[in-house]
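[1] The sequence isn't on hand, but the structure is:
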């Protein structure tokens with residue numbers, strides 16, 4: 001079955017990815033004893049929470065056409081597929097980035113994990129954007145990509161400071 005996602009479904013995935021990201025950053029904050037890094041990770045978690053609210057609001061503003069189911073799916077398999085994608089995107093077979101953390105990572109390693117996760121999010125959203133028609137809200141996916149690029153910039157600046 002070919003699966004096509006509408007903007008509503010994409011935003012639902014984005015919301016889950018943002019929840020996962022906030023959880024990752026909170027876990028990273030717990031895994032380091034460096035107070036400045038803890039604050040940075042908690043700030044990033046708060047940003048992810050903010051993005052979650054933004055994406056939720058954007059989703060609520062979608063028109064009926066953007067929420068329209070694009071494929072016949074009586075068993076709701078597409079939604080199950082979306083959840084699997086959102087929970088496992090870019091984590092190389094792991095349920096979430098937090099499963100990688102042992103507490104033995106250096107601050108630099110924690111930021112590198114976060115950078116890779118953000119890069120994966122940008123790639124993920126860029127790929128999903130192709131699956132959404134213009135009528136179904138493809139342009140709104142660009143807002144998600146811009147948010148993730150902002151996170152990536154923040155993390156890369158922090159990594160540069162640590163070098």
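    Everything's here; your move. Please read these numbers as outputs of a predicted model, since none were measured by experiment.

[2] contacts and neighbour counts: CA atoms only from here.
    OK.

[3] Which stretches in the protein count as helices?
    Applying DSSP state H to the chain gives helices spanning 7-30, 35-60, 64-67, 77-88, 107-129, 138-162.

[4] Out of those helices, which is closest to residue 101?
    Closest of the helices of the chain to residue 101 is helix 7-30, at 7.3 Å (criterion: Cα to Cα).

[5] what comes up buried for that closest one?
    7-29 (16 or more other Cα atoms under 10 Å).

[6] next one: stretch 37-47
    Buried residues in stretch 37-47, counting neighbours by 16+ other Cα under 10 Å, are found at 37-38, 40-45, 47.

[7] Spit out the contact partners of residue 58.
    By Cα atoms under 8 Å, 6 or more residues apart in numbering, the contact set of residue 58 is residue 11.

[8] if we can go back for a sec, including distance to residue 101 and mean pLDDT, could the helices of the chain go into CSV?
    Supplementary listing: the helices of the chain in CSV, determined by distance: least, Cα to Cα, whole Å; pLDDT from 0 to 100:
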stretch, distance to residue 101, mean pLDDT
helix 7-30, 7, 86
helix 35-60, 14, 89
helix 64-67, 37, 59
helix 77-88, 16, 60
helix 107-129, 8, 84
helix 138-162, 17, 86
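
[9] To residue 100, which of those lies closest?
    helix 107-129 (8.9 Å).

[10] If you count contacts, what does the closest one end up packed against?
    Judged by 3 or more Cα pairs under 8 Å, 6 or more residues apart in numbering; DSSP states H and E, helix 107-129 is in contact with helix 7-30, helix 138-162.

[11] will you turn those helices into a markdown table that also has distance to residue 59?
    Conversion of the helices and strands packed on helix 107-129 to a markdown table gives the following (distance: least, Cα to Cα, whole Å):
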| stretch | distance to residue 59 |
| --- | --- |
| helix 7-30 | 6 |
| helix 138-162 | 9 |
